[in-house]
Structure formats: C-alpha cells, structure tokens
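Colleague: Sequence and predicted structure below; questions after.
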Amino acid sequence: MSDKKPVDKKRVLILCTGNSARSQMAEGLLRHDAGERFNVESAGTKASLVRPEAIAVMQEIGIDISKHRSKNVDEFDGQPFDYVITVCDNARETCPVFFHAAQKLHHSFEDPATVTGSEEQRLAAFRRVRNQLRDYLREFDNSAA
C-alpha cells in the first residue's frame with residue numbers, strides 16, 4: 001500500500017458565449033489530456049447546442065464529445081472553481097461575478113462557427129481552433145502544476 005495521499009483535482013470551468021464549439025472542444029481536450037489533474041466543465045453565457053463540426057474534428061483525434069450538452073453558466077452558480085478560463089472576448093466581458101475566488105484566465109480564439117464556405121473550409125477552421133486550444137491548454141496544464 002502506498003502512503004501517498006490522492007491529489008485533489010483542481011476544478012476548471014471553460015466559458016464561451018454559446019458553449020457550442022470552442023469551450024466544448026477545450027473541455028474535451030483538457031479532460032482527455034489532463035483529466036487526472038483537473039475536473040473540467042464548460043458552459044456558455046447563452047447556451048445553445050454542440051456544433052456537429054466540433055464533434056467531428058474532436059473525433060478525428062480520438063476524443064468523443066458527442067455526449068456533451070451545451071450548458072448555461074448559471075448551472076454552476078455557487079460552485080467553487082480553481083480556474084475559470086474564458087475563450088472568447090464576449091464571455092470574458094460577461095463572466096459572472098460569482099466566480100470571484102477562481103483564478104481567471106483569458107485567451108480569445110476565433111469562432112469557427114462563423115466561418116462560411118464549403119464543409120471542408122468550415123472543418124478546417126474547427127481543426128485550426130482545436131489545435132490552438134490544445135496548445136493553449138497544454139501551456140495552462142504546465143503552468144498550473
């Protein structure tokens with residue numbers, strides 16, 4: 001038997017406007033890449049639906065977010081978080097004050113849902129943002145150690 005005490009996981013909430021693409025992909029990425037260190041949730045200031053393009057590009061790298069649902073940030077009112085990460089400017093500007101104890105981090109990512117064009121052009125935008133999110137979250141994981 002080990003004398004090591006289990007490490008308490010840090011709680012992370014990732015916020016965006018619609019909780020449909022960026023924050024959903026970020027939740028899946030951080031849970032997949034560092035789930036042993038973090039309990040991860042995502043939400044939106046105006047919940048909508050999980051974009052099928054986000055599900056598709058995450059599936060390409062072996063992460064299934066098809067069971068995720070879009071959640072409104074109000075669902076987490078009163079819950080303590082160690083980190084609140086906003087991934088769009090609108091969410092940062094409207095971030096609820098009830099997360100006062102959390103360390104707030106922000107990085108604005110392009111909204112791939114606004115890209116028009118062919119299916120391949122739209123998927124390329126989702127892939128680009130997915131990869132940028134993964135790079136950002138790996139830096140976050142390293143700095144939160």
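Modeller: Now that the structure is in, tell me what you want to look at.
Colleague: only C-alpha atoms for contact and neighbour calcs from this point on.
Modeller: OK.
Colleague: Show me the shaky parts of this protein.
Modeller: 1-7, 91-99, 145 (pLDDT under 70).
Colleague: Asp141: which element?
Modeller: For Asp141, the element it lies in under DSSP states H and E is helix 119-143.
Colleague: what ranges do the helices span in this structure?
Modeller: With DSSP state H, the ranges of helices along the chain come out as 22-34, 52-60, 89-93, 119-143.
Colleague: Throw the ones you listed into JSON lines and include mean neighbour count and distance to Leu15, thanks.
Modeller: Below are the helices of the chain laid out as JSON lines (neighbours: other C-alpha atoms under 10 Å; distance: least, C-alpha to C-alpha, whole Å):
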{"stretch": "helix 22-34", "mean neighbour count": "23", "distance to Leu15": "6"}
{"stretch": "helix 52-60", "mean neighbour count": "19", "distance to Leu15": "16"}
{"stretch": "helix 89-93", "mean neighbour count": "16", "distance to Leu15": "6"}
{"stretch": "helix 119-143", "mean neighbour count": "16", "distance to Leu15": "13"}
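Colleague: In CSV: those helices, plus distance to Glu75.
Modeller: What follows is the helices of the chain, written out as CSV (distance: least, C-alpha to C-alpha, whole Å):
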stretch, distance to Glu75
helix 22-34, 15
helix 52-60, 22
helix 89-93, 15
helix 119-143, 23
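Colleague: still on that earlier bit, who does the helix holding Asp141 touch, helix- and strand-wise?
Modeller: Judged by 3 or more C-alpha pairs under 8 Å, 6 or more residues apart in numbering; DSSP states H and E, helix 119-143 is in contact with helix 22-34, helix 52-60.
Colleague: quick one, what contacts Ser42?
Modeller: Ser42 makes contact with Leu13, Ile14, Leu15, Asn19, Ser23, Gln24, Glu27, Lys71, according to C-alpha atoms under 8 Å, 6 or more residues apart in numbering.
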